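Peer 1: sequence first, predicted model second:
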Amino acid sequence: MKNSEPLWVLGTMSGTSLDGVDAAMVLTDGVRILDFGESGYRPYSAQEQAVLRAALGRWPGEDGVAEAARIVEDAHLELLSSIGGAALIGFHGQTLAHDPEGRGTHQAGDGARLAEELRIPVVWDFRSADVRMGGQGAPLAPFYHFACAQWIGAKRPLAMLNLGGVGNITWIDPHKPGPETPGALLAFDTGPANAPLNDLMMQRRGEPFDRDGSLASQGEVVAGALELFLDDVYFRRMPPKSLDRDAFADMLELVRELDDADAAATMTGMAAAAVMQAMEHCPIPPDQLLITGGGRHNPVMMEMLRVGLDCPVHAIEEVGLNGDMLEAQAFAYLAARVQRGLPTSCPTTTGVRALVGGGEISSPSIL
Ligand SMILES: Nc1ncnc2c1ncn2[C@@H]1O[C@H](COP(=O)(O)OP(=O)(O)OP(=O)(O)O)[C@@H](O)[C@H]1O
Ligand SMILES: CC(=O)N[C@H]1[C@@H]2OC[C@@H](O2)[C@@H](O)[C@@H]1O[C@H](C)C(=O)O
């Protein structure tokens with residue numbers, strides 16, 4: 001088979017919310033999206049989540065990391081073995097720690113084990129090469145966002161925003177011939193999105209998240225706390241820039257004195273305000289902001305964005321894409337690029353010194 005022929009690639013994401021594993025099939029040659037296929041989700045049990053949570057902030061070899069990696073691998077094996085027809089797998093793993101200017105970036109889970117057990121080549125460790133070359137190692141979805149913009153036939157600059165545990169935005173000029181072209185992309189993490197709000201819900205209510213924004217809808221955003229949040233130097237830093245899941249854990253202190261509903265409303269307002277700050281960095285105002293990730297299911301967060309931004313805000317489903325699977329699809333697309341030797345990040349997406357193709361390929365041994 002010729003290297004540039006389209007392949008069905010199965011991509012995975014185990015995100016910073018720690019809720020579970022997404023997997024999705026994409027037919028791609030690493031440049032264009034040709035079709036979408038089957039997808040699936042495998043939630044982590046409360047027990048598994050507790051092990052992953054305890055390993056946050058830890059590095060390979062430290063306590064609890066091997067156990068967390070095993071959970072990540074086993075959950076992926078269970079899900080991926082239920083989806084047939086993949087010629088290649090893109091395995092992101094679970095980010096446990098991210099410190100690109102210091103110790104590096106750490107995604108738990110061994111792609112070589114998945115390749116061996118699933119008998120399919122696996123591309124993994126997508127972020128390390130970028131960090132080694134001076135990049136943030138994140139966000140990596142932007143090259144895929146560019147392909148999505150082509151797929152929807154976008155004619156004018158637009159932005160895609162992922163509201164996951166952390167938020168990340170990609171501004172796209174669809175007139176450029178490819179994502180690696182200067183001026184085609186600008187991307188960075190916007191700030192905390194759902195992760196600290198989820199932590200608040202767990203602390204105060206013993207619930208994993210504020211379903212449909214129902215608690216936040218009963219409260220008011222407290223301006224003083226919001227201002228203190230926006231004082232953080234992160235918002236004044238020029239992109240590219242990225243965040244660890246718990247970089248803004250102090251936010252919980254800012255709402256400590258507030259009642260539950262005001263605290264939830266204020267933290268939802270903080271996530272939205274971080275996006276408003278981010279939009280100021282767009283080189284040209286985008287025609288539309290397309291939202292992916294779990295936060296688009298939160299009507300309070302979405303309404304705050306609609307009220308606070310000048311440009312139209314849409315859930316990404318409105319242009320025919322799947323906002324629950326977009327990141328898993330991204331790692332399918334990036335795996336195809338790695339296999340073809342194409343770059344996966346560039347100076348304007350991660351701050352890396354030059355175009356880089358990140359990712360290790362593990363093939364099953366011949367039996
Ligand atoms: N109906 C809903 N109402 C409110 N919030 C929701 C709803 N559905 C999902 N969410 C939020 O979205 C989160 C999951 O989002 P998502 O799966 O995009 O995150 P992730 O992929 O783990 O994160 P990241 O993109 O940072 O890696 C949940 O933890 C919750 O906070
Ligand atoms: C280090 C890491 O895992 N970062 C994640 C996290 O979750 C959202 C945001 O922070 C983004 O930078 C990234 O994920 C997406 C998939 C990305 O790399 O594009």
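Peer 2: Good, I have the coordinates. Ligands and ions are numbered 1, 2, ... in the order given.

Peer 1: can I assume Thr350 is in contact with Pro240?
Peer 2: Yes - between Thr350 and Pro240 a contact is recorded at 5.4 Å, counting by C-beta atoms under 8 Å. Heads up, the C-betas are built off the backbone N, CA and C, glycines and all.

Peer 1: between the two, which is the more surrounded one?
Peer 2: Thr350 (29 against 24; other C-beta atoms under 10 Å).

Peer 1: okay, the closest residue in space to that one that isn't next to it in sequence: pLDDT?
Peer 2: Nearest residue to Thr350, sequence neighbours excluded (C-beta to C-beta, 6 or more residues apart in numbering): Gly135, at 3.7 Å. In this model, Gly135 is scored at 98, pLDDT.

Peer 1: burial of Gly135, as a residue count?
Peer 2: 26.

Peer 1: equivalent analysis for Gln49, please.
Peer 2: 17.

Peer 1: between Thr350 and Pro240, what contacts are shared?
Peer 2: Common neighbours of Thr350 and Pro240 are listed as Gly135, Gln136, Ala187 (criterion: C-beta atoms under 8 Å, 6 or more residues apart in numbering).

Peer 1: Ala138 and Arg127 touch, don't they?
Peer 2: Yes - Ala138 is within contact range of Arg127, at 6.3 Å (criterion: C-beta under 8 Å).

Peer 1: joint contacts of the two?
Peer 2: Contacts common to Ala138 and Arg127, judged by C-beta under 8 Å, 6+ apart, are Thr105.

Peer 1: what comes into contact with stretch 331-339?
Peer 2: Contacts of stretch 331-339 (C-beta under 8 Å, 6+ apart): 3, 7, 9-13, 24-26, 28-30, 33, 88-92, 121, 123, 126, 140, 143-144, 147, 343-344, 357-359, 361.

Peer 1: the residues you listed in helices, which ones?
Peer 2: Secondary structure from DSSP state H places Phe143, Tyr144, Ala147 of those in helices.

Peer 1: now these as TSV including neighbour count?
Peer 2: As requested, the ones in helices among the contacts of stretch 331-339 are arranged in TSV below (neighbours: other C-beta atoms under 10 Å):
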residue	neighbour count
Phe143	27
Tyr144	27
Ala147	22
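
Peer 1: can you tell me which of those residues is nearest Glu207?
Peer 2: Sorting the ones in helices among the contacts of stretch 331-339 by how near they are to Glu207, with C-beta to C-beta, puts Tyr144 at the top with 31.8 Å.

Peer 1: SS state for whatever residue of the stretch 201-350 of the chain ends up closest to ligand 2?
Peer 2: Among all residues of the stretch 201-350 of the chain, Glu327 sits closest to ligand 2, at 4.5 Å; criterion: C-beta to the nearest ligand atom. Recorded secondary structure, Glu327: helix (DSSP: H, G, I helix; E, B strand; the rest coil).

Peer 1: OK, contacts around it?
Peer 2: Taking C-beta under 8 Å, 6+ apart as the test, what Glu327 contacts is Met13, Gly15, Asp22, His92, Ala141, Asn162, Gly164, Thr292, Gly293.

Peer 1: TSV for those, including pLDDT and distance to ligand 2?
Peer 2: Converted to TSV, the contacts of Glu327 look like this (pLDDT from 0 to 100; distance: C-beta to the nearest ligand atom, whole Å):
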residue	pLDDT	distance to ligand 2
Met13	98	6
Gly15	96	6
Asp22	98	10
His92	98	7
Ala141	98	3
Asn162	98	6
Gly164	96	5
Thr292	98	10
Gly293	97	8
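
Peer 1: could you pull out the helices for this protein?
Peer 2: In the chain, the segments counted as helices under DSSP H are 46-54, 65-80, 111-118, 128-132, 142-151, 195-205, 223-230, 251-254, 260-279, 299-308, 326-340, 347-350.

Peer 1: now render those helices as TSV, adding distance to Arg236 and mean pLDDT.
Peer 2: Converted to TSV, those look like this (distance: least, C-beta to C-beta, whole Å; pLDDT from 0 to 100):
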stretch	distance to Arg236	mean pLDDT
helix 46-54	31	96
helix 65-80	34	98
helix 111-118	37	98
helix 128-132	23	98
helix 142-151	22	98
helix 195-205	20	96
helix 223-230	10	98
helix 251-254	17	96
helix 260-279	9	98
helix 299-308	19	98
helix 326-340	27	98
helix 347-350	19	98
